[in-house]
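> Build me a model:
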Amino acid sequence: MIRKLIETKHAPLPVGTFSQAIIANGWLYVSGQLPLNPITGTLVEGGTLEQTKQALQNALAIVEAAGLTVDDVIKVTIFLHDMDSYSKVDNLYREFFSQPYPARSLVPMGNLVRGGEVEIEMIAVFP
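So this is what the prediction gives:
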């Protein structure tokens, strides 16, 4: 199996020992993206919605760096600190994806890295 590293300056650099994304066998695996400003590396302010929007933008920037589009995303996993925000996050999610929506998991998390409210990972496939 050949693995190819995907990196872009349009998403935050990893804060640990992992890659932004890896391509393997026609699949793109995007690591969990925090709601960090890609220029400053700082957590965006404003609460769960603003952080969800930033995390989605970061993950999709990596998808685009691989030469794919939002339509190639087939699975999204959202790690959410506050499940009371679920409906707000779901409504925002609809602004990024259209039907047929990617498969999705939403996992409640107590504490996320850097005190964020959300982390989002994606899997996409090359057509």
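> drop to CA atoms for contacts and neighbour counts, all remaining ones
Fine.
> what sits against the residue sitting furthest away from the middle of the chain?
Distance from the C-alpha centroid of the chain, by Cα atoms, centre = their mean, peaks at residue 1 (24.6 Å). When contacts are counted by Cα atoms under 8 Å, 6 or more residues apart in numbering, residue 1 touches 24, 25.
> Kindly report the same for residue 32.
Residues counted as contacts of residue 32 (Cα under 8 Å, 6+ apart) are 59, 119, 120, 121, 122.
> so what's the nearest residue to the last one once chain neighbours are set aside bridging to?
The spatially closest residue to residue 122, leaving aside those adjacent along the chain, is residue 76, at 4.5 Å (Cα to Cα, 6 or more residues apart in numbering). With DSSP bridges as the criterion, the beta-bridge partners of residue 76 are residue 104, residue 122.
> which other residues reach stretch 102-122?
Applying Cα under 8 Å, 6+ apart, the contact partners of stretch 102-122 are 29-35, 43, 47-48, 51-52, 55-56, 59, 73-83.
> Could you rerun that using 7 Å?
Here stretch 102-122 makes contact (Cα atoms under 7 Å, 6 or more residues apart in numbering) with 29-35, 48, 51-52, 55-56, 59, 73-81, 83.
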